[in-house]
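> Let me see the structure of the following:
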Amino acid sequence: MMIAILHEDTFGKSFLHKILIKLKDGGKIPRCGFRFFHLKAMCNQKTTRMIKGLQILRNRPDGVIIIIDDDRSDGEKRRRELRHIPHDLSIPNILLAFEDEIEELILLSRGINHSGKSSELLRNRENYRKRDLPKYADRLDLNKIQNHPVVDGMISFINKHCTP
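Numbers count the residues shown, from 1 in each chain. Just a heads-up that it's a prediction; the model follows:
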């Protein structure tokens, strides 16, 4: 069983992979293979072709999770991205969007409320750089982030589509 995960953050693969390992180790999701694909620019025809291409892979995924940052657009960016997911896709798929950006999981894990860009708050507080993102995954509190809509969406989708 394999789930394809498409993400737009350059350093998102390692960060998300570490979260998935924590979820497996914590018994939240079954043992499942994951294949990551970096989407350099989500809202374009290349993305549509990439998603359609997943259907013809020799090791075809059992599901596709697409993770984006909504950048506090009140769902507008998410609605634009949905137009690039083929309606005739024969693989179960879900589009999950962070309200702000992936770094909001770090703040949530630490119990920090924020209203601006999560990465800027981290940069101002502790000299955070985007390339440091994977290091922060090791210190995430799974109990605090598992109910976040993106993490909860991943858990539900994986449990439904990745049955051993």
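
> Quick one: residues in contact with stretch 108-119.
72, 100-104, 106-107, 121, 128, 130, 139-141, 144-145, 148 (CB atoms under 8 Å, 6 or more residues apart in numbering). The way it works is simple: take the backbone N, C-alpha and C, and place the C-beta from them, glycine included.

> and those residues, which are buried?
Listed as buried from the contacts of stretch 108-119 are 72, 100-104, 106-107, 121, 128, 140, 145, 148; burial here means 16 or more other CB atoms under 10 Å.

> okay, and for this protein, where does confidence drop off?
For the chain, the stretches flagged by pLDDT under 70 are 41-44, 75, 84, 164.

> ok, which stretches of it are helices?
12-25, 45-53, 76-82, 104-110, 118-126, 133-137, 142-145, 149-161 (DSSP state H).

> Could you dump those into a markdown table with distance to I3 added?
Converted to a markdown table, the helices of the chain look like this (distance: least, CB to CB, whole Å):
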| stretch | distance to I3 |
| --- | --- |
| helix 12-25 | 9 |
| helix 45-53 | 14 |
| helix 76-82 | 19 |
| helix 104-110 | 19 |
| helix 118-126 | 25 |
| helix 133-137 | 18 |
| helix 142-145 | 19 |
| helix 149-161 | 6 |
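
> P92: which of those helices is closest?
helix 149-161 (5.2 Å; CB to CB).

> Can you spell out which helices and strands pack onto that closest one?
Packing contacts for helix 149-161, counted by 3 or more CB pairs under 8 Å, 6 or more residues apart in numbering; DSSP states H and E, involve strand 2-7, helix 12-25, strand 63-69, strand 93-98.

> Go again with 7 Å.
Contact partners of helix 149-161 among helices and strands, from 3 or more CB pairs under 7 Å, 6 or more residues apart in numbering; DSSP states H and E: strand 63-69, strand 93-98.

> Give me whichever of those is most buried.
strand 63-69 (a mean of 23; mean count of other CB atoms under 10 Å).

> Quick one: list the elements packing against that strand.
Strand 63-69 packs on strand 2-7, helix 76-82, strand 93-98, helix 149-161, going by 3+ CB pairs under 7 Å, 6+ apart.
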